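Asker: Here's a sequence, model it:
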Amino acid sequence: MKTVGTSGVDLVLPSTRLGLSLIALIFTGFCLTGLLAAEDGKAAKPPEKTPTIVHIKVFAAKDGNGERPSEPVAECQGFVVEDEGMILTSYRLLVDPATGALHPVIKVEGLGEKPKSPLTASIIAVEPTLNFAILKIDPPKGLKASRICSREEIIVGLPVHAIAGGEGDSTTFSSGVITELNSMECYQESMTATMLQAEIEIPDSSLGGPVFNNKGEVVALHTGYRTRADDTHEEGVELEKGKIHILPIFLVFNIYESVKLKGNMKSPWTGFSVRALTEDEQNGFPHGRFLGGVGIDYVWSGSPAEKMGVQKGDLLVGFSYYPTKTVAAFQKWLYMYGVGFKVKLHFLRNRSEYYSVDYTIEERPDSAPPR
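Answerer: Down below sits the predicted model:
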């Protein structure tokens, strides 16, 4: 999808009143499920601690008469990730589906304590395939960054919470538990494998909002991801009602700085996905010549990687001038260079046969969505 321009949003900060959560602990096998009590189908009470959550309203461009629509074309959630006013949210709802252009900058209201005048939010960068966007409020008006959950603390059985509905003083929350961890870090081929699974009810109106733990630390971003099936991939995993896929926040931050600094507006790709080296590959790796590498896990048919002769099982040991010792390092440099830049990729085949290829980074085509 092609995107142009900048976008604007109307942000309203929900209430963060402290209140004791009533937690019912339900043990099933080895899985601990944390649920907040609710009566007669009413939404649960708010968790004691929450991230700095914002409510986002997106407005369309002026019409032929120069009039700005008074009603938003879309609404979603987001959360502050930097004190300087950086906000993470969904990308999809910021885009005009008819043109592919980002909606224009309008006004921002409700941030902080009784703002004196409307504020403006601009889109700094987006990642269309992962469906996240980085917004910036300028000036930030004293916004406090949300705390981020460490990767090591994200485990099966972790109680989590999310926005269930409403805004401002009427914001309600749902609660649940992480049921399955991601098995891969590189989303290029399999989006499902990079996602956490959680048993929690999150409505579509909470797209772009945080999923967070009892300490108010962000665990994941709710992107609204759904599994898919097509003619070239096995059928997607169907989840039970109340179970969803959520994007681990540490995977977002693998590329966050690169996406932000580059001002990324497109999804770059190589046509292959990568994985960490196996123990056997580590033991047989020629460390005297190279600093490390990652394994080629999948090569898309008809992709740039296939045309370059890259094969599954090859090891990627360098991205231009930089070693790729981890999956995160590969992703960092892919986004830091970005679509349109020429790079040299360095590989090993059979752990000893070195080869390199020149590649001008392409935008991921709509015909190659991750499953």
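
Asker: Show the subsequent helix or strand relative to the longest helix seen in the chain.
Answerer: Longest helix of the chain, by residue count under DSSP state H: helix 249-262. The helix or strand immediately downstream of helix 249-262 is strand 268-269, counting by DSSP states H and E.

Asker: chain center to that next one, what's the gap?
Answerer: When distances are taken as Cα atoms, centre = their mean, to the nearest Å, strand 268-269 is centred 15 Å away from the chain's centroid.

Asker: got it, and stretch 186-200?
Answerer: 10 Å.

Asker: same question, stretch 50-66
Answerer: Distance of stretch 50-66 from the chain centroid (Cα atoms, centre = their mean) equals 20 Å.

Asker: For it, measure first residue to last.
Answerer: Stretch 50-66 stretches 40 Å from its first residue to its last (Cα to Cα, to the nearest Å).

Asker: Kindly provide the whole-number mean pLDDT of it.
Answerer: The pLDDT scores in stretch 50-66 average 82.

Asker: For the chain, identify the residue most remote from the centre.
Answerer: Computed with Cα atoms, centre = their mean, the residue of the chain farthest from its C-alpha average is Asn65, at 37.4 Å.

Asker: Which stretches in this structure count as helices?
Answerer: Under the criterion DSSP H, helices of the chain are mapped to 191-194, 249-262, 279-283, 304-308, 327-337.

Asker: Can you get me a residue count around the closest residue to Phe330 other than its chain neighbours?
Answerer: Distances taken as Cβ to Cβ, 6 or more residues apart in numbering put Thr324 closest to Phe330, at 4.6 Å, once the chain neighbours are dropped. All C-beta spots, glycine's among them, are computed from the backbone N, C-alpha and C. For Thr324, the neighbour count with other Cβ atoms under 10 Å is 26.

Asker: Now do the contacts for Thr324.
Answerer: Val274, Gly292, Gly293, Val294, Leu316, Val317, Gly318, Phe330, Trp333 (Cβ atoms under 8 Å, 6 or more residues apart in numbering).

Asker: related to what we said a few turns ago, looking at the helices of the chain, spot the one closest to Ala121.
Answerer: helix 249-262 (14.7 Å; Cβ to Cβ).

Asker: Give me the contact list for that closest one.
Answerer: Contacts of helix 249-262 (Cβ under 8 Å, 6+ apart): 81, 86, 88, 124-127, 130, 132, 134, 148-151, 154, 182, 185, 187, 194, 210, 218-221, 264, 327-328, 331-336, 338.

Asker: Now the buried members of those residues.
Answerer: Buried residues within the contacts of helix 249-262, defined by neighbour count using 16 or more other Cβ atoms under 10 Å: 81, 86, 88, 124-127, 130, 132, 134, 148-149, 154, 182, 185, 187, 194, 210, 218-221, 264, 327-328, 331-336, 338.

Asker: which residues in the stretch 151-300 of the chain form strands?
Answerer: In the stretch 151-300 of the chain, the segments counted as strands under DSSP state E, counting those that start in this stretch are 159-165, 172-180, 196-199, 210-212, 218-221, 243-248, 268-269, 272-275, 294-299.

Asker: just those: most buried one?
Answerer: Among the strands of the stretch 151-300 of the chain, strand 210-212 has the highest mean neighbour count (mean count of other Cβ atoms under 10 Å), at a mean of 29.

Asker: What helices and strands are in contact with that strand?
Answerer: Applying 3 or more Cβ pairs under 8 Å, 6 or more residues apart in numbering; DSSP states H and E, one finds that strand 210-212 contacts strand 159-165, strand 218-221.

Asker: And the average pLDDT for the first one is what?
Answerer: If I follow you right, that is strand 159-165. Mean predicted confidence for strand 159-165 is 94.

Asker: cool, and stretch 244-258?
Answerer: Rounded mean pLDDT across stretch 244-258 is 96.

Asker: Name the nearest residue to Pro69, ignoring sequence neighbours.
Answerer: With Cβ to Cβ, 6+ apart as the criterion, Pro69 has its nearest non-adjacent residue at 5.1 Å, and that residue is Ala60.

Asker: wait, the one you found sits on His103?
Answerer: Yes. Between Ala60 and His103 there is a contact at 6.0 Å, judged by Cβ atoms under 8 Å.

Asker: where are the low-confidence patches of the chain?
Answerer: Residue ranges of the chain with pLDDT under 70: 1-46, 64, 105-118, 167-169, 227-241.

Asker: now the strands: where do they sit in the stretch 1-150 of the chain?
Answerer: With strands called from DSSP E, counting those that start in this stretch, the stretch 1-150 of the chain shows them at 9-12, 23-28, 31-36, 53-58, 74-82, 86-89, 121-127, 132-137.

Asker: Which of the contacts of Thr324 sits closest to Pro69?
Answerer: Among the contacts of Thr324, Trp333 lies closest to Pro69 (Cβ to Cβ), at 41.1 Å.

Asker: Identify the residues contacting that closest one.
Answerer: Trp333 sits next to Ser258, Phe319, Ser320, Tyr322, Thr324, Val343 when contact means Cβ under 8 Å, 6+ apart.
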